[in-house]
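>>> The amino acid sequence is not available; the structure is as follows:
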């Protein structure tokens with residue numbers, strides 16, 4: 001594997017600009033949607049009702065995204081990059097349109113289901129297309145670009161959603177998504193080369209797909225159940241489903257994850273687990289504004305800057321590390337990343353006992369450090385997965401698996417965050433349980449990262 005690294009100018013050069021604009025655009029609409037929907041949802045419920053389905057607006061989207069992310073390599077094989085992207089953009093735009101026109105909450109949920117199917121495909125295609133369409137020396141830059149789109153979405157999404165909700169036009173959020181998605185789809189149709197995929201028609205691994213869907217669904221429902229008994233039962237169901245997934249997926253000839261994942265001496269399993277730790281750790285940001293208001297007495301706007309601090313550290317570190325880190329430096333960044341995440345989250349938890357201005361300022365600093373941990377490690381972990389083998393078919397599956405692992409980890413992490421918060425006796429207790437719990441996970445992630453950088457045997 002080459003350790004030479006291309007520059008940003010090469011990534012944005014004329015011959016790569018088309019691919020970059022499409023995969024970055026696909027991630028951007030997904031990211032904007034994630035934060036925009038959260039900002040506009042209270043106004044949506046006030047207008048069309050269905051408060052009992054409030055949490056399902058996110059849950060349905062996540063489950064659909066997980067399922068679609070597992071089908072990326074098959075979409076590429078059947079339709080090629082251009083066709084697969086157009087399917088993803090079309091589904092996302094159609095789902096957004098249904099949400100914009102919905103008269104009731106159940107129809108909104110149908111729109112979110114369609115959105116999730118399109119969104120899961122778009123995010124998975126990004127990694128697969130980077131591995132196929134770009135030279136290996138700029139993969140790190142490309143992954144940093146993908147990850148930076150989440151930072152942009154974290155800023156643009158709440159701003160647009162809040163703006164439309166403020167003037168009583170929550171439907172405008174979904175109209176905006178529809179228009180932007182169709183505009184990027186038009187670019188994809190124009191710049192991506194025509195051509196079908198390889199035409200390989202491997203049978204779908206229904207057992208594996210069913211197991212991971214059951215696991216994602218059980219975790220998502222547990223997060224919104226409100227019952228300790230239901231949480232325990234559904235958590236058990238999710239665990240059994242994940243174990244069942246591994247059992248059936250490793251035996252199948254055409255599993256959802258590459259065969260290398262289950263090879264004893266291959267580090268791909270540890271690479272995927274490293275991605276899962278970082279992805280799960282990022283889900284803590286959903287509760288940061290709540291703690292900022294309840295513990296620190298911050299205004300909604302100021303509290304909303306707490307997740308922005310995490311995103312800032314993430315974005316700055318990933319761009320910086322993709323510039324200097326390659327070879328042994330990249331391996332060091334992969335190990336240091338979860339260590340930074342653990343230190344930042346632990347520091348944030350320790351500072352919850354004080355609401356002095358200096359302590360609150362420390363919240364932001366600690367969250368920047370935690371975000372830096374995610375940002376410095378992720379591009380290099382993802383690049384390692386994409387270059388794990390010279391077999392083109394297996395490499396494409398390994399690349400698509402990055403997003404699948406992220407999706408499942410985000411779903412599980414969001415549920416775990418909600419459970420930890422619910423166990424707190426008060427706001428400070430909830431904040432500490434969340435931050436210390438995820439800091440402990442990140443410490444485990446350091447050990448996983450060390451295993452992931454060892455060469456294959």
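Thanks, I have it. Keep in mind the model is a prediction, meaning the values are calculated, not measured.
>>> use CA for all of it now, contacts and neighbours both
OK.
>>> Who are the contact partners of residue 187?
Residue 187 is in contact with residue 22, counting by C-alpha atoms under 8 Å, 6 or more residues apart in numbering.
>>> For it, grab phi and psi.
Residue 187 has phi and psi values of phi -60, psi -40 when expressed as degrees, to the nearest 10.
>>> so how far is residue 157 from it?
When C-alpha to C-alpha, to the nearest Å is applied, the distance between residue 187 and residue 157 equals 22 Å.
>>> Residue 66 now?
Using C-alpha to C-alpha, residue 66 is found at 21 Å from residue 157.
>>> Make sure residue 140 is actually in contact with residue 380.
Yes - Residue 140 is in contact with residue 380 according to C-alpha atoms under 8 Å; the separation is 6.2 Å.
>>> any shared contact partners between the two?
Once C-alpha under 8 Å, 6+ apart is applied, the residues that residue 140 and residue 380 both contact turn out to be residue 322.
>>> how far out from the middle of the chain is the strand or helix carrying residue 172?
Following DSSP states H and E, the helix or strand that holds residue 172 is helix 171-191. Mean-position distance between helix 171-191 and its chain equals 21 Å (C-alpha atoms, centre = their mean, to the nearest Å).
>>> Now do the next helix or strand after it: which elements does it pack against?
Proceeding C-terminally, helix 171-191 gives way to helix 206-225 as the next helix or strand, assigned by DSSP H and E. When contacts are defined as 3 or more C-alpha pairs under 8 Å, 6 or more residues apart in numbering; DSSP states H and E, helix 206-225 sits against helix 56-69, helix 228-249, helix 392-422.
>>> so where's the protein uncertain?
The model of the chain has pLDDT under 70 over residues 1-6, 39, 55, 195-203, 223-224, 226, 252-254, 300-301, 324-326, 456-457.
>>> Which positions in the helix or strand that contains residue 343 come out as buried?
In this assignment (DSSP H and E), residue 343 forms part of helix 328-350. Buried residues in helix 328-350, defined by neighbour count with 16 or more other C-alpha atoms under 10 Å: 330-350.
>>> Kindly report the same for stretch 90-108.
Burial within stretch 90-108, assessed by neighbour count using 16+ other C-alpha under 10 Å, is assigned to 90-100, 102, 105, 108.
>>> Please compute how far it lies from its chain's middle.
Relative to the chain's own centre, stretch 90-108 is displaced by 22 Å; criterion: C-alpha atoms, centre = their mean.
>>> Quick check: phi and psi at the residue of the chain positioned farthest from its centre.
Outermost residue of the chain with respect to the C-alpha centroid, by C-alpha atoms, centre = their mean, is residue 356; its distance is 33.7 Å. The phi and psi values for residue 356, taken as degrees, to the nearest 10, are phi -60, psi 150.
>>> what do you get for residue 388?
Dihedral pair for residue 388: phi -70, psi -20, per degrees, to the nearest 10.
>>> swap in the one 3 residues further on?
The main-chain torsion angles of residue 391 are listed as degrees, to the nearest 10 and equal phi -70, psi 110.
>>> and the gap between it and residue 397?
Here residue 391 is placed at a distance of 10 Å from residue 397 (C-alpha to C-alpha).
>>> out of the two, which sits in the more crowded spot?
A count of neighbours by other C-alpha atoms under 10 Å puts residue 397 above the other of residue 391 and residue 397, at 25 against 9.
>>> Would you mind confirming that the more buried one is in contact with residue 259?
No - Residue 397 lies out of contact with residue 259 (C-alpha under 8 Å); the separation is 9.4 Å.
>>> For residue 366, give its distance to residue 250.
Applying C-alpha to C-alpha, the value for residue 366 to residue 250 is 40 Å.
>>> These two: which has the busier surroundings?
Under the criterion of other C-alpha under 10 Å, the comparison of residue 366 against residue 250 puts residue 366 first, with 26 against 19.
>>> Could I get the full set of strands for the stretch 1-150 of the chain?
Using DSSP state E, counting those that start in this stretch, no strands are assigned anywhere in the stretch 1-150 of the chain.
>>> can you tell which of the helices and strands packed on helix 206-225 is closest to residue 169?
Proximity to residue 169, assessed across these by C-alpha to C-alpha, is greatest for helix 56-69 (18.3 Å).
>>> What residues of the closest one count as buried?
Within helix 56-69, the residues scored as buried using 16+ other C-alpha under 10 Å are 56-69.
>>> farthest pair in these?
Using C-alpha to C-alpha, the pair of the buried residues of helix 56-69 lying farthest apart is 56 and 69, separated by 19.5 Å.
>>> Settle this for me: residue 118 is touching residue 85, isn't it.
No - with contact defined as C-alpha under 8 Å, residue 118 and residue 85 do not form a contacting pair (9.1 Å).
>>> Of the buried residues of stretch 90-108, just say which sits nearest to residue 375.
Distance from residue 375 was checked for each of the buried residues of stretch 90-108 by C-alpha to C-alpha. The minimum falls on residue 92, at 27.0 Å.
>>> how much space between that closest one and residue 180?
From residue 92 over to residue 180 the distance is 11 Å, taken as C-alpha to C-alpha.
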